[in-house]
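J.: when you get a sec, could you give me coordinates for this:
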Amino acid sequence: MTQLQLEIVQASDSEADDLVTATANASPYFLSGWRRAVQKVYGHQAGCLLARERASKQSIALLPYSVFKRPLQRPRVISQPFADYSGVLAINSELNHLLEASFRAQLGQNAVELRHSAQEISPQPEQLAKVRMITQLLAGQDALLASYKPKLRSQIKKATKNGLTAELSTDSSAIQAFYQIYASNMRRLGSPAHHPDWFQYLLEYYPPGSLQVVLVRLAEQVTGAAIVLINGNQAVIPWASTLAEYNHLAPNMLLYWTIQSYLADRGVTTFDMGRSTPGEGTYRFKQQWGAQPYALDWQLHQPGAAEGSALLQSDKATSGTRKVLEQLWRCLPQSLANQLGGQLRGYISL
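T.: Numbers count the residues shown, from 1 in each chain. Now for the predicted structure:
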């Protein structure tokens with residue numbers, strides 16, 4: 001492998017997406033729709049480096065990125081902002097480390113942030129700051145439901161007995177319904193919400209059917225909502241929210257069952273349930289669905305530095321200042337929180 005003669009070029013969206021769809025186990029985050037939406041909504045210049053074998057012109061690896069600019073700070077190249085996991089995608093995992101340095105060299109004198117993930121289950125997750133929780137889905141919803149413990153099946157049934165219903169949609173109106181639940185939940189958590197255009201452009205830029213909106217209702221009232229991204233046999237859920245006043249009806253259980261039953265019937269085998277802190281509530285919630293922890297390792301590479309430095313830290317290390325800001329954000333009227341969040345969120349790369 002070390003004898004490969006490579007050329008590294010800027011990829012077109014179609015070139016990059018062809019490689020993503022042809023590469024086994026490629027996360028939907030690698031599709032061009034993600035970085036295109038970053039540039040369109042928040043103005044961070046997007047690009048994608050492509051490595052080709054010089055003689056055959058075969059594409060073998062890529063690195064999607066955005067040049068992330070904050071006021072009064074030097075630009076940072078991030079692969080990719082707002083995503084849990086990105087970095088180098090190669091047709092052979094052995095190529096990832098080999099090509100990473102070559103890709104970084106093409107990005108000039110910029111600091112480069114790469115969001116890596118382990119490809120194997122972490123044996124000691126309690127020692128990690130952050131993990132992504134991944135569950136392997138059985139083929140078909142009947143087999144999937146039968147694999148759950150009786151308590152989990154009972155919780156799913158409880159939601160429907162409580163009068164909740166669920167639906168999947170790819171309509172723009174579903175994005176609007178999702179946003180109302182998402183924005184309300186983000187204010188409750190004390191965190192700025194994305195601009196509503198972010199979700200609309202993801203819907204526009206992702207391939208048809210690869211972005212699904214899931215809505216849970218009590219009569220006409222939406223009580224829970226999520227967005228799922230799909231590429232081949234891989235799916236990821238970047239956002240899921242419920243209204244706290246309806247949580248006693250178990251909308252989260254119906255939300256996640258609806259998603260996973262749909263994915264199982266569609267032939268998706270790997271469902272990335274997103275970033276969690278080991279031992280905390282969301283971690284335990286995902287565990288009950290069979291999700292296993294895979295270490296996240298975000299590395300910042302400064303120009304000239306031989307090694308990168310770790311970026312992720314546990315929520316337990318949250319500063320006092322951040323806690324105060326979160327509390328102040330919770331006190332904002334919803335409309336003001338939405339307006340300010342849309343302006344600020346583009347500078348927060350998480």
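
J.: surely residue 71 touches residue 347?
T.: Yes - shown here, residue 71 and residue 347 form a contact pair, counting by CB atoms under 8 Å, at 7.3 Å. Using the backbone N, CA and C atoms, a C-beta is placed for each residue, glycine as well.

J.: the two: who's more crowded?
T.: Relative neighbour count places residue 347 above the other of residue 71 and residue 347, with 15 against 5, counting by other CB atoms under 10 Å.

J.: from residue 306, how far off is the residue lying closest to the more buried one once chain neighbours are set aside?
T.: When the adjacent residues along the chain are set aside, residue 347 lies closest to residue 70, with 4.9 Å between them (CB to CB, 6 or more residues apart in numbering). When distances are taken as CB to CB, to the nearest Å, residue 70 and residue 306 turn out to be 26 Å apart.

J.: show me what contacts the residue positioned nearest the centre of the chain?
T.: Most central residue of the chain, judged by C-alpha distance to the mean C-alpha position with CA atoms, centre = their mean, is residue 238 at 3.9 Å. Applying CB atoms under 8 Å, 6 or more residues apart in numbering, we find residue 238 in contact with 82, 83, 84, 227, 229, 274.

J.: ok, now residue 19?
T.: Per CB under 8 Å, 6+ apart, neighbours of residue 19: 11, 50, 59, 61, 62, 89, 91.

J.: and the nearest residue to residue 342 once chain neighbours are set aside, what does it touch?
T.: Leaving out its chain neighbours, the residue that sits closest to residue 342 by CB to CB, 6+ apart is residue 195, at 3.5 Å. For residue 195, the set of contacting residues under the criterion of CB under 8 Å, 6+ apart consists of 41, 42, 341, 342, 343, 345, 346.

J.: which one is the fifth one nearest to, not counting chain neighbours?
T.: Distance criterion CB to CB, 6+ apart; nearest residue to residue 343, sequence neighbours excluded, is residue 195 at 7.8 Å.

J.: pretty sure the residue nearest to residue 347 contacts residue 346?
T.: No - taking CB under 8 Å as the contact criterion, residue 70 and residue 346 are not neighbours in contact, 9.1 Å apart.

J.: which one of those two is surrounded by more residues?
T.: Applying other CB under 10 Å to residue 70 and residue 346 shows that residue 346 carries more neighbours, namely 22 against 13.
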